[in-house]
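Asker: Structure for this input, please:
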Amino acid sequence: MAVSRMWSWLLPLVIGVTLFKCLLIPAYYSTDFEVHRNWMAITYSLPMSKWYYEETSRWRLDYPPFFAWLEYYLSYYAQFFDKEMLVVQNLNYTSDATVLFQRLSVIVTDMVFIIGVVACCQNIKRTKESKEILEKPDFILAVLLLCNFGILIVDHIHFQYNGFLFGMLFLSIVKMFKGRPVDSALIFTILMNFKHIFIYVAPAYGIYLLRSYCIAENKPDGSVQWRSFNFLRFNVLAFIVCAVFAVSFGPFIVMGQLSQVLARLFPFQRGLSHAYWAPNFWAQYNGADKVLSIIGVKLQLLAPANISNASMTGGLVQKYRHAVLPSVSPLATLVCTLLSITPALCNIWLKPRGPRGFLQCLILCALGSFMFGWHVHEKAILISILPLSLFAVENRNDAGTYLILATTGHLSLFPLIFTVPELPIKLCLMLFFTVYSFSALHALFRNEGTLLNWSECIYLSGLIPLEVICEIIYPHTRWHERFPFVPLMFLSVYCSLGITYAWIKLYISVLREPTLVKKLKVI
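Answerer: So this is what the prediction gives:
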């Protein structure tokens, strides 16, 4: 009965969001559109042995094999729309049929995202039931996920296939909450072989499954009872992981191409920061280096000729040497990332709190990797925002953290959509999603106090003039040609402060939770 009532409002919501996505088909698309067209052409036109060697286009195949096979599968249907899009030499090919097919392919694969959202809504704790549908936690969660600003602009304007990937992540999380860790591990392993960015949260899976699934019992004080270690369960998990990776990478290992595939998946030559400066710790680091270099030149402490021309914000993907501060190596970012996630991993090992603790650790691992990772894309913030939505409708403190993280994280995506016709679209979408998030969560927790304190409100209010200055005023000033990096630097650095604050706030909240030794109920 409850499921049928949920579908009474969920189905119209799904249909409405899908129709809106169809309206975005003619919108601007980024170079990622050509990236995926080229990958379809490669997998369709060439034998598998040449997939990771093809270099006709600068947009070479650099996703794991499962995603390559997805492109191959899509190419079968693409030929019925316009076969010319499947010719490797047809660089930047964008016929109307090609645009229509690729846009529709994202919308269709979003069915996995919808299934994942439905599973999350059915799994939510209903401790705050309301007679009003609009105030039901599952309705609010459905809107926060299905209408998520980041997913809409990144997938359906900018152009990517993130929706179905997050759908798989949600399904994996729900399986864990339902006491089916083997299914959860299987889905997540498959997910990593579609897009390797999800390796960010792999440590949370590994430590949690080892502590709460492979170890059958705890000592009376909650510490590990090593004698209860279940080797059968461990071997089952190991077999699943190895089997999935064998299916994915096995053919390339047989052909002696593993090193080539890995070189494509982990191209460390791309440099510390992505072209659009993800709002993380390195944005603050790069910003400080920029300011210090300008001051150094003004005070004649640095020679202009010694300042690197690769401004870190010019849209180039390349290595960069900092002018004043020490340059950062991939190894340094790895060490920083491991240090940032270690407390979260230790927490679920020493204080296991069941699936809730697992999801908390997953979010903290995603945020830690985003904050300190090498060549992080600004879109990676969605790996933290979307899972945190599940907590936002259950806990007031998490709701406040979510509002800060989602607002700053979503605004940091604005530089991805820089065309004038799409400016009203992204502004209206951001306004709608932000207003709804604040109003819905405020209504949900109105009897428990405010979600944000005055300092947090002041910070978030500062995003409005910042966006007006960076997007509207600054491009028309005389400084724009001389200092084109300023708007992006200000936006990234300011948003990084909010994301850093949300990360620290969430960390403190998780570490302060009382110890509750809770074993995973296995079905």
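
Asker: In the protein, which residue sits furthest out from the middle?
Answerer: Using C-alpha atoms, centre = their mean, the residue of the chain lying farthest from its centre is Gln300. It sits 42.1 Å away.

Asker: Just to be sure, that one is in a helix?
Answerer: No - using DSSP: H, G, I helix; E, B strand; the rest coil, the secondary structure at Gln300 is coil, not a helix.

Asker: Kindly provide the distance from it to Val324.
Answerer: For Gln300, the distance to Val324 (C-beta to C-beta, to the nearest Å) stands at 14 Å. Bear in mind the C-beta positions are built from the backbone N, C-alpha and C, glycine included.

Asker: And for Lys195?
Answerer: From Lys195 across to Val324, the span is 36 Å (C-beta to C-beta).

Asker: With Glu378 instead?
Answerer: Separation of Glu378 from Val324 (C-beta to C-beta) stands at 24 Å.

Asker: what about the two, which has more around it?
Answerer: When Glu378 is set against Val324 and neighbours are counted by other C-beta atoms under 10 Å, the residue ahead is Glu378, at 26 against 16.

Asker: was I right about that one contacting Leu416?
Answerer: Yes - counting by C-beta atoms under 8 Å, Leu416 is a contact partner of Glu378 at 7.2 Å.

Asker: So what touches stretch 193-202?
Answerer: By C-beta atoms under 8 Å, 6 or more residues apart in numbering, the residues outside stretch 193-202 that reach it are 63-67, 70, 165, 168-169, 188, 191-192, 244-245, 248-249, 265, 362, 365-366, 369-370, 373, 377, 380, 383.

Asker: Quick check: which ranges of the stretch 1-150 of the chain have low pLDDT?
Answerer: Where the stretch 1-150 of the chain drops to pLDDT under 70, the residues are 1-4, 126-131.

Asker: try 50 this time
Answerer: For the stretch 1-150 of the chain, the stretches flagged by pLDDT under 50 are 1.

Asker: The residue farthest from the centre of the chain and Val291: what is the separation?
Answerer: Gln300 is 16 Å from Val291, by C-beta to C-beta.

Asker: Kindly report the same for Ile240.
Answerer: As judged by C-beta to C-beta, Ile240 and Val291 stand 49 Å apart.

Asker: more crowded one of these two?
Answerer: When Ile240 and Val291 are compared for neighbours, Ile240 comes out ahead with 17 against 13, by other C-beta under 10 Å.

Asker: Ala185 is in contact with that one, correct?
Answerer: Yes - the pair Ile240 / Ala185 is scored as a contact, 5.6 Å apart, by C-beta under 8 Å.

Asker: Pull up the per-residue confidence for the nearest residue to Leu272 once chain neighbours are set aside.
Answerer: Leaving aside its chain neighbours, Leu272 sits nearest to Val328 (5.2 Å; criterion: C-beta to C-beta, 6 or more residues apart in numbering). At Val328, the predicted lDDT confidence score is 87.

Asker: Can you report how many residues lie near Val328?
Answerer: 20.

Asker: cool, Val435 as well?
Answerer: For Val435, using other C-beta under 10 Å, the count is 10.

Asker: Please identify which helix or strand holds it.
Answerer: Val435 is part of helix 423-444, with elements assigned from DSSP states H and E.

Asker: average pLDDT for that helix?
Answerer: For helix 423-444, the mean pLDDT works out to 95.

Asker: if we look at the host helix or strand of Glu467, which residues are touching it?
Answerer: Assigned by DSSP H and E, Glu467 belongs to helix 463-468. With contacts defined as C-beta under 8 Å, 6+ apart, helix 463-468 is touched by Thr407, Thr408, Leu411, Phe414, Phe490, Leu491, Tyr494, Cys495, Gly498.

Asker: Could you give me the buried positions within it?
Answerer: Leu463, Leu466, Glu467 (16 or more other C-beta atoms under 10 Å).

Asker: same question, stretch 227-235
Answerer: Using 16+ other C-beta under 10 Å as the test for burial, stretch 227-235 gives Arg233.

Asker: Endpoints of it, how far apart?
Answerer: Its first and final residues considered, stretch 227-235 spans 16 Å by C-alpha to C-alpha, to the nearest Å.

Asker: what ranges do the helices span in the stretch 1-150 of the chain?
Answerer: Counting by DSSP state H, counting those that start in this stretch, the stretch 1-150 of the chain has helices at residues 2-23, 31-45, 65-78, 96-123, 137-146, 149-153.

Asker: Work out the gap between the shortest one and the centre of the chain.
Answerer: This means helix 149-153. 11 Å (C-alpha atoms, centre = their mean, to the nearest Å).

Asker: thought Tyr53 was touching Ser259?
Answerer: No - counting by C-beta under 8 Å, Tyr53 does not reach Ser259; the two are 11.8 Å apart.

Asker: More neighbours: those two, which one.
Answerer: With neighbours defined as other C-beta under 10 Å, Tyr53 and Ser259 compare such that Tyr53 has more, 14 against 10.

Asker: Find the residue closest to that one in space, skipping its chain neighbours.
Answerer: In this structure, Tyr53 finds its nearest non-sequential neighbour in Gln260, 6.6 Å apart by C-beta to C-beta, 6+ apart.

Asker: Checking that neighbour next. Helix, strand or coil?
Answerer: helix.

Asker: Then the one 3 residues further on?
Answerer: Using three-state DSSP, the secondary structure recorded for Ala263 is helix.

Asker: That one: how many residues sit nearby?
Answerer: Residues near Ala263, counting by other C-beta under 10 Å, number 14.

Asker: any idea how far it is from Phe252?
Answerer: From Ala263 over to Phe252 the distance is 12 Å, taken as C-beta to C-beta.

Asker: ranges for the helices of the stretch 351-500 of the chain?
Answerer: Along the stretch 351-500 of the chain, counting by DSSP H, counting those that start in this stretch, helices occupy 354-372, 382-392, 396-411, 423-444, 454-461, 463-468, 486-512.

Asker: what's the closest of the ones you listed to Ser30?
Answerer: Closest to Ser30 of these, according to C-beta to C-beta: helix 423-444, at 13.1 Å.

Asker: quick check: angle from that closest one to helix 382-392?
Answerer: 30 degrees (axes from the mean of the first three to the mean of the last three C-alpha atoms, to 10 degrees).

Asker: helices or strands up against helix 423-444?
Answerer: If contacts are counted by 3 or more C-beta pairs under 8 Å, 6 or more residues apart in numbering; DSSP states H and E, helix 423-444 sits against helix 137-146, helix 149-153, helix 396-411.
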